[in-house]
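> The following block contains a protein sequence and its predicted model.
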Amino acid sequence: MRFFVLSLCSILIFNCEDKQSQNKSSVKTIDSTELKIERHTEQTDTISEDTTEEFLLTKDNTMEFFLQYEKENKENKVRIVTDYGNIDILLFNETKFHRANFIYLTKKGYFDNTQFYRVIENYIIQGGSTDDRDVMRKRRFIGKYLLPTDTKRGFRHDRGVISMPSSDIDNPYKLASPYEFFITLRDVYQLDGDYTIFGKVISGLDVADRIANVDTDNSDWPLKNVYIRRVELLN
């Protein structure tokens with residue numbers, strides 16, 4: 001009987017130790033998983049707090065938002081900073097929605113570390129996009145929207161103007177893609193009427209020419225990335 005009791009106690013102790021060992025192992029795994037989730041949540045929460053300060057732009061609220069924004073934000077000169085030099089731009093007051101959009105994105109820091117991703121010698125350099133996920137992520141927290149064309153202000157696609165390309169996706173009316181722009185390096189009047197001219201280069205057109213001369217692949221993407229380090233206000 002005494003032997004039986006001792007044996008039973010040994011089994012119980014062994015089972016308890018085994019369960020404690022299993023519980024410790026489970027806790028370690030859960031803690032590791034929770035740590036990853038908490039870090040991810042903290043990053044997401046930070047972004048959520050930032051974006052709740054200003055609503056996301058959509059096709060339904062964009063025009064009303066920029067109508068008010070352009071009245072309160074009158075800046076019209078910006079500097080595009082690149083490794084090749086600076087390009088200074090005067091934004092036209094006549095194309096107020098497009099000017100306001102560019103100023104808004106500049107103040108949001110959207111253009112920082114985007115690229116001139118399409119360059120054609122003696123034609124155009126096109127910027128504002130990238131293959132960088134962080135920049136694409138910025139778009140999600142600014143909004144998904146397009147801008148209407150504004151092509152009847154008397155401006156033409158002379159050398160040195162800045163214009164806004166249209167989105168290629170489900171866009172029969174050539175609505176403008178607000179995150180991108182192109183600078184013309186020669187007169188390209190065949191573009192008149194389709195794309196909105198909203199400014200012109202006032203200094204640094206030679207920098208744009210140098211960028212257009214870099215080596216590219218078959219899709220006109222520079223073989224060595226040409227970064228827009230930042231766009232900053234001049235006034």
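Now that the structure is in, tell me what you want to look at.
> Please list all residues in contact with T106.
Residues near T106 by CB atoms under 8 Å, 6 or more residues apart in numbering: V78, V231, E232, L233. C-beta: built from backbone N, CA, C; applies to glycine.
> The same query, at a cut-off of 6 Å, please.
Applying CB atoms under 6 Å, 6 or more residues apart in numbering, we find T106 in contact with V78, V231.
> Now it: which helix or strand?
helix 96-108 (DSSP states H and E).
> Using just helix, strand and coil, how would you label the closest residue to K96 other than its chain neighbours?
Nearest residue to K96, sequence neighbours excluded (CB to CB, 6 or more residues apart in numbering): E70, at 4.6 Å. E70 falls in the helix class when you classify it by DSSP: H, G, I helix; E, B strand; the rest coil.
> how much space is there between E70 and N86?
Using CB to CB, to the nearest Å, one obtains 25 Å as the distance from E70 to N86.
> Which one's more surrounded, those two?
E70 (18 against 14; other CB atoms under 10 Å).
> correct me, but that one touches T95?
No - counting by CB atoms under 6 Å, E70 does not reach T95; the two are 10.0 Å apart.
> I'd like to know how many residues surround K174.
Neighbours around K174, by other CB under 10 Å: 18.
> Find the nearest non-adjacent residue to it, please.
Nearest one to K174, counting by CB to CB, 6+ apart, is S166 at 3.9 Å.
> Bridge partners for the one you found, pull those for me.
Beta bridges link S166 to A176 when assigned by DSSP bridges.
> Could you count how many residues lie near L56?
L56 has 13 nearby residues by other CB under 10 Å.
> G143 is in contact with that one, correct?
Yes - using CB under 6 Å, L56 makes contact with G143 at a distance of 4.2 Å.
> how about the helix holding T106: buried residues?
K96, F97, H98, R99, A100, N101, F102, I103, Y104, L105, T106 (16 or more other CB atoms under 10 Å).
> same check, this time on stretch 200-215
K200, V201, G204, L205, V207, A208, D209, I211, A212, V214.
> what distance separates the start and the end of that stretch?
Length of stretch 200-215, first residue to last, CA to CA, to the nearest Å: 25 Å.
> what pLDDT, on average, does that stretch get?
Average pLDDT, stretch 200-215: 98.
> Contacts for that stretch, please.
Contacts of stretch 200-215 with the rest of the structure, by CB under 6 Å, 6+ apart, involve 84-88, 90, 116, 119, 121, 125, 160-161, 183, 185, 222-223, 226.
> how many neighbours does D158 have?
14.
> so where is this protein shaky, pLDDT-wise?
Applying pLDDT under 70 to the chain flags residues 1-54, 167-173.
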